[in-house]
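Asker: sequence plus predicted model, see below.
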2 protein chains.
Amino acid sequence: MRKNSVDQRDLRAAAVLHLRSRLATSRSSLARALDASPSTLGLHVDQLIARGYATESGLDQGALGRPRRLLTLRPEAGWFAGVEFNAERVQVVRVDFAGTVRATEVWQLPAEPDAATVMKQIVQMLEKLAREAGAPPLAIGIGTPGLVDPRSGMAIHYSFVRGWRDVPLGPTVQARFAVPVTLENNLRAIALAERWFGGGRDLNDYVILGPRSGFGISIMHGGQVLRGAHHAAGEIGRWPWPLAGGSHELHDKLSAPAVYRRLTGLFEDDPLPPDLGAAFGGMVAEDTLEWQEVVGDYARVIGCLQLLLDTEVFFLHGPLTALGQRFCTAITTAARGIAPAMAEMPLQIIPSALGDDAGALGAASVAMEAWTPPA
Amino acid sequence: MRKNSVDQRDLRAAAVLHLRSRLATSRSSLARALDASPSTLGLHVDQLIARGYATESGLDQGALGRPRRLLTLRPEAGWFAGVEFNAERVQVVRVDFAGTVRATEVWQLPAEPDAATVMKQIVQMLEKLAREAGAPPLAIGIGTPGLVDPRSGMAIHYSFVRGWRDVPLGPTVQARFAVPVTLENNLRAIALAERWFGGGRDLNDYVILGPRSGFGISIMHGGQVLRGAHHAAGEIGRWPWPLAGGSHELHDKLSAPAVYRRLTGLFEDDPLPPDLGAAFGGMVAEDTLEWQEVVGDYARVIGCLQLLLDTEVFFLHGPLTALGQRFCTAITTAARGIAPAMAEMPLQIIPSALGDDAGALGAASVAMEAWTPPA
DNA sequence: GGCACTTTTTGCGATTTCGAAATATCTAGC
DNA sequence: GCTAGATATTTCGAAATCGCAAAAAGTGCC
């Protein structure tokens, strides 16, 4: 129905995004990718070059014909700030205009912080990034746990920070830095991170598995993040488990702490190691019954998701990635054995190559996508 | 990133679609809806009128200002054909250019038909429609059970018709009628029917529940049908059930025949009434244990879907709609009791107002969306 | 009736985009 | 070295679109 078309300003913005993703490298390939005429696109590229956003970076001789004049974004044209936080820490990243990560910083929050403390810390770390960069960012993205309304910049609710209810996080930060500030849910930001910095570069359909203190997923479908009618899609941690008549939630079985307890035999109240990722990494791989049960639960959930969503790849994030490819392969195998229908199902589960930075990188991705070149 | 914009020909097509959906009724409201300038849109509307697709149908005086000149599509400007079939029957509808259903026809197929018989029947019924209309259709949509590739017009697989594998249904029909032919999966077509002819007129996010001979769903998200990476999304009938360690599939529990057997105590091999819808309609409503179990199973599945997809409405289709609002209300109530998380969840389940025609109407919707005015 | 006000529609110059042809720049083959 | 062929980029007139101002067509108040 609607053409994949864009108008002047958006055309330039789309060109910048394509160059940053390195999906297109010359005027002609950009024109093809953006479905614009070569002449129009040439004009916009010339403008981007004139304003210092891009340069020609040499020639690329194909097998035949006139060589393409390669286009590159100028890293020094500006930078984007990505922020991610939860109840324990705040992390920021600085990404230059070409999409290279230039700095990351983590700050541990005091125990049981309140909303004001978190907000203050976010602003302080952004200020530090700006000082180091010698310039304000072009845009700021914030990955926020809990419910978020990206439109208004309000953080609706997050139970692990005291007083975190209807916090005007977006407007507050915007007032301080006077640049576009965009909020996005944590996990959905990670979906974007996978697209811009991870293994989702050439994929339009994938799912992020996010077992951390809880268990949630985010869905990339047709190149767009699936948000749901009330910005609440992906909350499957609240599924009852086992599904038919269980008294638990999926959270209680598949979250990172839960999996650690199940694999090590710890009780509910026993203290957890401070760094779960390291703890999982140091585990000796054994085909214990507990291991098989955890793998089986994951396989069931992922198998169902695959039948429902028909996605291309599942990216595993969070501490459990330390269990490595072995864990993912075990899940795949188990899923194929659950039901005849699942045996033939295409299924790919991959531990994300992005580490703890994923959320902050995703937030930076949000900023990159929100920015458009000035008129 | 990309603007919601359209170009010349698509702008006219989008204008026609908006007029048909009665979401916009004047030049100015169309311009706002399509995000185009009033001047540009005026030109296109003048063209549509000049070519006989639309007319001005009076004035609408608002509270203030110059009255709008109402625009209407001319029903006699052409018609669209919608076809739906399964192993038992073929149904066609004729929808005029303004979106009014003008004729529907059903043909019962012989028992265990083969692919050639089905195709021949489809073509014959389309020919009859065209004869009655006195003109060939502007476009044809076909709602197809099983796997479908809308791009190539190939029907990949459907087990209940002999030899139904990689059938070039689209190209075959196109060769006969020389108009655009679009295939779409049965249930996904119904999602479009709900948008064009049912209760989904003002909704962008809803889910179709399709318990017929099997159990599947289709998902409308952000105004777009969710297809999945391999056109296979929504196949949750193949979920194992109960989820944790069940030896059944959801099909076996929630399909229309299964529900009928569960509610009436019939055995697997007992014959079913010929018209399940009528049978459900004639049922005396009793709070039996079986009823509660069926409702409970539906509640669990729908609750999980709601947490995952965060949709606005679930539309119930198929024979079970005959159980009425009572069934849907019972599911809603049951879902709220399953888990604490589900108690506060927004949840709306509605029996579709579209009857057995839904699939054919959806196919016609596919045709309407595929058509664009000639240059 | 006349005037202020509101909203829709139309008119027009400026801007943007397109399409196609012309030009540029390479490889391959003779 | 020259020519044919291929692909990329630029040029340029035509077409589409926009933004804004003007005109049209009502209501309500005096």
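Answerer: All right, it came through fine. Residues are numbered from 1 along each chain as shown, chains lettered A, B, ... in the order given.
Asker: doesn't B:P242 make contact with A:P242?
Answerer: Yes - in this structure, A:P242 is within contact of B:P242 by C-beta atoms under 8 Å, at 6.5 Å. For the C-beta atoms, the positions are set from N, CA and C on the backbone; glycine is no exception.
Asker: helices of chain A, residue ranges please.
Answerer: With DSSP state H as the criterion, chain A has helices at A:8-21, A:27-34, A:38-50, A:115-133, A:169-177, A:186-197, A:250-254, A:256-264, A:276-281, A:289-309, A:324-338, A:340-343, A:358-370.
Asker: mind giving me the packing neighbours of the shortest one?
Answerer: Translated: helix A:340-343. helix A:289-309, helix A:324-338 (3 or more C-beta pairs under 8 Å, 6 or more residues apart in numbering or on different chains; DSSP states H and E).
Asker: what helices or strands is the first one leaning on?
Answerer: Which is helix A:289-309. strand A:206-211, strand A:215-221, helix A:250-254, helix A:256-264, strand A:313-316, helix A:324-338, helix A:340-343, helix B:289-309.
Asker: got the angle between it and helix A:256-264?
Answerer: 140 degrees (axes from the mean of the first three to the mean of the last three C-alpha atoms, to 10 degrees).
Asker: how far off centre is helix A:289-309?
Answerer: Relative to the chain's own centre, helix A:289-309 is displaced by 22 Å; criterion: C-alpha atoms, centre = their mean, to the nearest Å.
Asker: next one, pLDDT for A:R9 please.
Answerer: A:R9 carries a pLDDT value of 64.
Asker: what's the pLDDT at A:G134?
Answerer: 96.
Asker: distance of it from A:P346?
Answerer: From A:G134 across to A:P346, the span is 48 Å (C-beta to C-beta, to the nearest Å).
Asker: ok, now A:R131?
Answerer: A:R131 is 49 Å from A:P346, by C-beta to C-beta.
Asker: any idea how far A:G210 is from A:P374?
Answerer: Per C-beta to C-beta, A:P374 is found 36 Å from A:G210.
Asker: and A:R22, by the same measure?
Answerer: For A:R22, the distance to A:G210 - C-beta to C-beta - is 27 Å.
Asker: rewinding a little: so of the helices and strands packed on helix A:340-343, which one's packed in deepest?
Answerer: Scoring the helices and strands packed on helix A:340-343 by mean neighbour count under mean count of other C-beta atoms under 10 Å in any protein chain shown gives helix A:289-309 as the most buried, with a mean of 21.
Asker: now do it against strand A:206-211, angle only.
Answerer: For helix A:289-309 against strand A:206-211, the angle by the same axes, to 10 degrees is 150 degrees.
Asker: kindly export helix A:289-309 (C-alpha atoms) in PDB.
Answerer: Extracted C-alpha coordinates of helix A:289-309, given in PDB (Å, rounded to 0.1, in the frame of the first residue of the first chain):
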ATOM      1  CA  LEU A 289      19.400 -34.000  35.700                       C
ATOM      2  CA  GLU A 290      19.100 -30.400  36.800                       C
ATOM      3  CA  TRP A 291      20.900 -29.300  33.600                       C
ATOM      4  CA  GLN A 292      18.500 -31.300  31.500                       C
ATOM      5  CA  GLU A 293      15.500 -29.800  33.300                       C
ATOM      6  CA  VAL A 294      16.600 -26.300  32.800                       C
ATOM      7  CA  VAL A 295      17.400 -27.000  29.100                       C
ATOM      8  CA  GLY A 296      14.000 -28.600  28.800                       C
ATOM      9  CA  ASP A 297      12.100 -25.700  30.200                       C
ATOM     10  CA  TYR A 298      14.000 -23.300  27.900                       C
ATOM     11  CA  ALA A 299      13.400 -25.600  24.900                       C
ATOM     12  CA  ARG A 300       9.600 -25.700  25.600                       C
ATOM     13  CA  VAL A 301       9.300 -21.900  25.800                       C
ATOM     14  CA  ILE A 302      11.500 -21.300  22.800                       C
ATOM     15  CA  GLY A 303       9.800 -24.000  20.800                       C
ATOM     16  CA  CYS A 304       6.400 -22.400  21.500                       C
ATOM     17  CA  LEU A 305       7.700 -18.900  20.600                       C
ATOM     18  CA  GLN A 306       9.100 -20.200  17.300                       C
ATOM     19  CA  LEU A 307       5.800 -21.800  16.300                       C
ATOM     20  CA  LEU A 308       4.000 -18.600  17.200                       C
ATOM     21  CA  LEU A 309       6.400 -16.000  15.800                       C
END
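Asker: over to the closest residue to DNA strand D within chain A: give its phi and psi.
Answerer: Closest contact between chain A and DNA strand D, by C-beta to the nearest atom of the strand, is at A:G65 (2.0 Å). Per-residue torsions, A:G65: phi 80, psi 180 (degrees, to the nearest 10).
Asker: do you know how far it is from chain B?
Answerer: According to C-beta to the nearest C-beta, to the nearest Å, A:G65 stands 29 Å off from chain B.
Asker: follow-up on the earlier one: looking at the helices and strands packed on helix A:289-309, which has the lowest confidence?
Answerer: helix A:340-343 (a mean of 86).
Asker: ok, and what's touching that one?
Answerer: A:303, A:306-307, A:335-337, B:235, B:238, B:249 (C-beta atoms under 8 Å, 6 or more residues apart in numbering or on different chains).
Asker: what are the buried residues along it?
Answerer: A:341-342 (16 or more other C-beta atoms under 10 Å in any protein chain shown).
Asker: with stretch A:101-111 instead?
Answerer: For stretch A:101-111, burial by neighbour count (16+ other C-beta under 10 Å) applies to A:104, A:109.
Asker: for A:V259, what are its contacts?
Answerer: By C-beta under 8 Å, 6+ apart, the residues touching A:V259 are A:211, A:294, A:320.
Asker: circling back to that earlier point, the more surrounded of A:G134 and A:P346?
Answerer: Neighbours were counted for A:G134 and for A:P346 using other C-beta atoms under 10 Å in any protein chain shown; A:P346 has more, 12 against 7.
Asker: number of residues surrounding the residue lying closest to the more buried one once chain neighbours are set aside?
Answerer: Nearest residue to A:P346 in three dimensions, chain neighbours excluded: B:H230, at 6.6 Å (C-beta to C-beta, 6 or more residues apart in numbering or on different chains). Neighbours of B:H230 under the rule other C-beta under 10 Å: 15.
Asker: much appreciated, bye for now.
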